[in-house]
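# Just to be clear, the model below is a prediction. Sequence and coordinates:
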Amino acid sequence: MKTYYSLTEASKDADKVKILDLSDQQLTSLSEEIGQLTQLERLGLNGNQLTDLPAEFGQLI
């Protein structure tokens, strides 16, 4: 199973992404594109300073 390390890269294969690891990228927010990853099973966000999540994040649950 392929692991994606950027949301931009993952968005190109949105319907196939199962693992997205955005750990240690100093992110403070996530793009609304995260909601396009309908098959996402694992999301790594460790080591970031997230202060805001888009509403689309709720579509992943």
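Perfect, I can see it now.
# What ranges does the protein have for its helices?
Remark: helices assigned in the chain by DSSP state H are 7-12.
# Count the residues that sit near the nearest residue to Asn48 once chain neighbours are set aside.
Closest residue to Asn48 apart from its sequence neighbours, by CB to CB, 6 or more residues apart in numbering: Leu27 at 4.2 Å. Using the backbone N, CA and C atoms, a C-beta is placed for each residue, glycine as well. Other residues within reach of Leu27, judged by other CB atoms under 10 Å, total 16.
# just use 474 as the starting number from now, easier for me
OK, 474 is where the count begins now, so the last one is Leu500.
# And Thr511, how far from Ala487?
7 Å (CB to CB, to the nearest Å).
# do the same with Pro527
15 Å.
# do Asp497 as well
Going from Asp497 to Ala487 by CB to CB gives 23 Å.
# Neighbour count: these two, which is higher?
Neighbours per residue (other CB under 10 Å) separate Asp497 from Ala487, with Ala487 holding more: 16 against 11.
# quick one, what contacts that one?
Applying CB atoms under 8 Å, 6 or more residues apart in numbering, one finds that Ala487 lies in contact with 506, 509-511.
# Report the buried residues of stretch 496-516.
Neighbour-count burial for stretch 496-516, with 16 or more other CB atoms under 10 Å as criterion, is recorded at 500, 503, 507-510, 513, 516.
# ok, now stretch 479-487?
Within stretch 479-487, the residues that count as buried by 16+ other CB under 10 Å are 480, 483, 487.
# For the second one, which residues are in contact?
By CB under 8 Å, 6+ apart, the contact list for Ala483 reads 477, 490, 493, 510.
# which among the residues you listed gets closest to Gln522?
Ranked by distance to Gln522 (CB to CB), the contacts of Ala483 are led by Leu493 at 17.9 Å.
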